[in-house]
Structure formats: structure tokens, C-alpha cells
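Colleague: sequence unknown, structure follows:
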DNA sequence: GCTAGTTTTCTTACATGTATAGAAACTTAC
DNA sequence: GTAAGTTTCTATACATGTAAGAAAACTAGC
């Protein structure tokens, strides 16, 4: 049983492709042809390798997409100059910035359920939100929970909205939702029945910032002072 | 060109399988062996048919999963008896009920991004929320937007949480998040660095209801009175 | 040089969702 | 009865993610 003697530099076959090259090429494919055209086979040929070789650099396709999103966020998120003086406005600005960048990312649905947002530049915005909540009188624990609430709200808004947009794009039939809302029983569901004709346009409105302000108001009420 | 003469009953080859039978069988497979074992081929053989025959009853596998979720929600959602007298409590009760049932559904991630929740029994809860918000003084439009904010928050919480739980279950390596939080720069991100050691347990806590109350407080502040 | 060990790459194979084309089984009109 | 039309089902085929294992290309120790 030979001892594995701590290799000083690099043992083994030298790598011909790198994670960075994979991400760079995948990013180009996505921006040129859309996320649907990003296949492991095509990516492999475009980096001059074979599909299975990619799997030594990314765990699976989902991890690749998360890395792509981080890369995208790093390039798209720009810090506000100067940051607002009021901590409440700093929080709102940071959350809206994250929201707008993610909502503009067409392949977001495949990825966003995967994990927190953790790119280097995104973390700065997280810091702004946590710090702003703390500056408003919340404890650090409360601030973390508050940030998570904002993140849940943001991710949910983006996902629900992106999915229904995609569904409309790939299907011109009336949606299941439309059919359900057309057949509501006014006796059982009076409010829904009354608003049913306006449900689609109402829920198509962008109310992210309005909801975010409400959530933030409620979170700040938790502060002792 | 023969006129298609309005068929009185049913023309064409009679169906051997029904949408109901498909959903029933799929539901059994999922409850017995998990959602990963639900394949169109297996489902087809278990209903005594072929894979492509299923596609005359459901558009694709995603729609099948949405139908499964609706079926599950219909069987799992129970109305509170009696409903709380206070409208604010009615809203909270309804939202928490939806949340808890969905969060307990293991295959939720595959489906929840698909659409609103529209099963018959779920709609009753939506009605409760919209009605409660209206009773608290919001206009009907504001109430719909308020419901949507609650839905975004709820869906986001469930999705983010379910995904990270699944990731922990299928992978024992330290997560990407752990590695990022271990290497934060205290000068750049002071609050995050300070809370980093406690980030994992803090974000593992169930704070759904707490966040929901904050959001609801903020939404009700929008009421004119 | 040679051997063992390590890391990366390549080959092959399989399970899966589903597109496509056409056959089968019915109803209606004649 | 036959023919046309309609709906459902079947057979075949393909693109995709990726598991399994062998092969390749290196380093370290002799």
C-alpha cells in the first residue's frame, strides 16, 4: 500500500479545459442562442472536448446554470452611487436592484430555485439590506430573518411571474387559470367572482416595489424603538 | 368537402384511459415510490397503455404534475372550523394553511413554479385572503395585489427552503453557500461576516409566519382608514 | 528506465420526455 | 352496406443528461 506522498504541485493528467472556459463558452451560447440551446454535447464540442469531460468541472447541468447566473449577476449588478443616506431607502434600492437584474434574466426559472444568490457583487447588496435593517433598530438576528423574508418575496415574485410569462409565450390556448376564473361560483367565492374579469390585468401589473414596501414597513415595525 | 356535422355525442375512437385514471395512477406511484420514479413509460404501463397515449390527456409531464398538486391540495386542505372572527386572523390562518400543506409536499419544487394554485379547495383559501383584506379596508384591487404579495412570499419561501433541503439530502459536501460564507471579507461585508457562523442555523429556522405577519401588517397599513 | 498512483478525458450505454406519422376504432351521412 | 370525418392509440425515432468504466497523461519513487 503505497503512501500517497503529498503531491507538491499537480499530479495526474493535465486538464485541457477549465471551469472558467466552460462558463465563458456556456455564457456565450446562452446569450447567442438562448438557454434552450445550451446542451452538454454542444458545450463540449464548442470547448473542444467531450460531454463527460465537462462533468469533472461542474457537478451537473444545474450547477452550471447556477454558475452562469452568478456570472451574469456579477456583470449586471451595479452599486448605486451614492447609496441613499436613509437606511430604509438603502434597503429598498438594494432589493429593487437585485430584483430587476434577476427579472431581466430569461433563463432565471431554471436556476433560481437552486440556492441563495451568492455572487460576489450580489453579496454586497445582501450586506446593504442586512445593514440597513440593523441600522433601523433590528437586532442582527432579526435583520437576517428580515433579509430572508425579502429574498423569499423577491424570488417568489420573479419565479411566478417568469413562469406565467413563459407559459403565455409557448401556448396561445387560454390558460388553466383563465378557465378556472371563468367558471367561479359567486355564492361560494363572492370576492373572487366579482374581480375575476379583472384578475388577469391586475395580476399582470408590476407591484413588486409596492409589496416590498409593505413587507419592509412590517419588518421595521418589529424594531424595539 | 364534407361539412363537419355537429356531432351529437362522441365521434371517434373511444378512449380507453381517462385523465382521472392517469392522475389516480400517477398519484399512487408518487406516494408509493416518490416523484422520481414517476416516468411516462411506467405510468403508461400501469394504466395499460403506451407512453404517447398519455399525451392525449395531458399536455406534458409538467401539466401532469400540476394536476397532481391540485389533486393533492384538494385532499389535504381543510377549512378551519370555525373561521376566526377577526379578518386579520382569517387571512393569517388561510395563508398558513396553504403554506403548510404545500411545504409538506415533497415534489413541490417541480411544480410550484408552474402557475397559481387553482384547485377548488385552494380557491376557497384565496377567497378568504382577498375577502379578509377587503374587510380590513383595502379596495378590491388592493386586496388582489395584497393576495399576490402573500402568494409570492409563500411560494418563494417554500421553493427556496425545499430546494436547499433537497440539496442537503443529495449531497453531503459542504455547500457552495458554506464555502462563500466561510471566506467573507470583514472589511467589505461587515454585517455578513459577523453573522456568518450563525447564518446556517438562523436561515434554517422556520420564520414563515413571522414574515407573513410583517407583510400583512405592511399591507394593511395601505388601507385608507 | 519502470512501476504505482492520481487526475482528466474518452467511449459506450441507458433512461427519459416527447415529436412524428400513421393505424385503429368509432359516428354520421349517404 | 360504404365513405368521410374524428378521436384515440401505437410504433418508431431522436435529443438529452449522465452513469460506468476504460484509457490516457501526467508525477513521484525507485
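Modeller: Thanks, I have the structure now. Computed from a predicted model, the values in this text were never measured in an experiment. Residues are numbered from 1 along each chain as shown, chains lettered A, B, ... in the order given.
Colleague: Assign a three-state SS to the residue nearest to residue A:137 when sequence neighbours are not counted, would you?
Modeller: In space, residue A:137 comes closest to residue A:223 once its chain neighbours are excluded; the distance is 3.3 Å by Cβ to Cβ, 6 or more residues apart in numbering or on different chains. Where C-beta positions appear, they are placed from N, C-alpha and C, glycine not excepted. Assigned by DSSP: H, G, I helix; E, B strand; the rest coil, the conformation of residue A:223 is coil.
Colleague: Near residue A:223, how many other residues are there?
Modeller: Residues lying near residue A:223 (other Cβ atoms under 10 Å in any protein chain shown) number 15.
Colleague: and what of residue A:213?
Modeller: Residue A:213: 18 surrounding residues under other Cβ under 10 Å.
Colleague: before we move on, the earlier item: contacting residues for the residue nearest to residue A:137?
Modeller: Neighbour list for residue A:223: A:136, A:137, A:138, A:142 [criterion: Cβ atoms under 8 Å, 6 or more residues apart in numbering or on different chains].
Colleague: mind redoing it with 7 Å?
Modeller: Taking Cβ atoms under 7 Å, 6 or more residues apart in numbering or on different chains, we find residue A:223 in contact with A:136, A:137, A:138.
Colleague: give me the element the residue lying closest to residue A:43 once chain neighbours are set aside is part of.
Modeller: Counting by Cβ to Cβ, 6+ apart, residue A:43 lies nearest to residue A:26, which is 5.5 Å off, once chain neighbours are set aside. Using DSSP states H and E, residue A:26 sits within helix A:19-33.
Colleague: Give me the buried positions along that helix.
Modeller: A:21, A:22, A:23, A:25, A:26, A:27, A:29, A:30 (16 or more other Cβ atoms under 10 Å in any protein chain shown).
Colleague: Contact partners for the first one?
Modeller: By that I understand residue A:21. Residue A:21 makes contact with residue A:47, according to Cβ under 7 Å, 6+ apart.
Colleague: now the helices for chain A?
Modeller: Applying DSSP state H to chain A gives helices spanning A:19-33, A:40-46, A:51-54, A:61-76, A:87-103, A:108-112, A:120-135, A:140-170, A:176-182, A:190-204, A:208-220.
Colleague: so where's chain A shaky on pLDDT?
Modeller: The model of chain A has pLDDT under 70 over residues A:1-9, A:110, A:112-121, A:170-176, A:225.
Colleague: For DNA strand C, give me its nearest residue in it.
Modeller: With Cβ to the nearest atom of the strand as the measure, residue A:12 is the residue of chain A nearest to DNA strand C, at 2.0 Å.
Colleague: For that residue, give its distance to residue A:57.
Modeller: Using Cβ to Cβ, to the nearest Å, residue A:12 is found at 14 Å from residue A:57.
Colleague: which of the two has more neighbours?
Modeller: residue A:57 (19 against 6).
Colleague: gap between the more buried one and residue B:136?
Modeller: 54 Å.
Colleague: Same question for residue A:192.
Modeller: Noted for residue A:192: a distance of 17 Å to residue B:136, by Cβ to Cβ.
Colleague: tell me which parts of chain A are close to DNA strand D?
Modeller: Contacts of chain A with DNA strand D, taken as Cβ under 7 Å from any atom of the strand, map to A:5, A:7-14, A:38-42, A:51-52, A:55, A:60-62.
Colleague: In PyMOL, select just the buried ones from those residues.
Modeller: Here is the PyMOL selection string for the buried members of those, based on 16+ other Cβ under 10 Å:
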select buried, chain A and resi 38+40+61
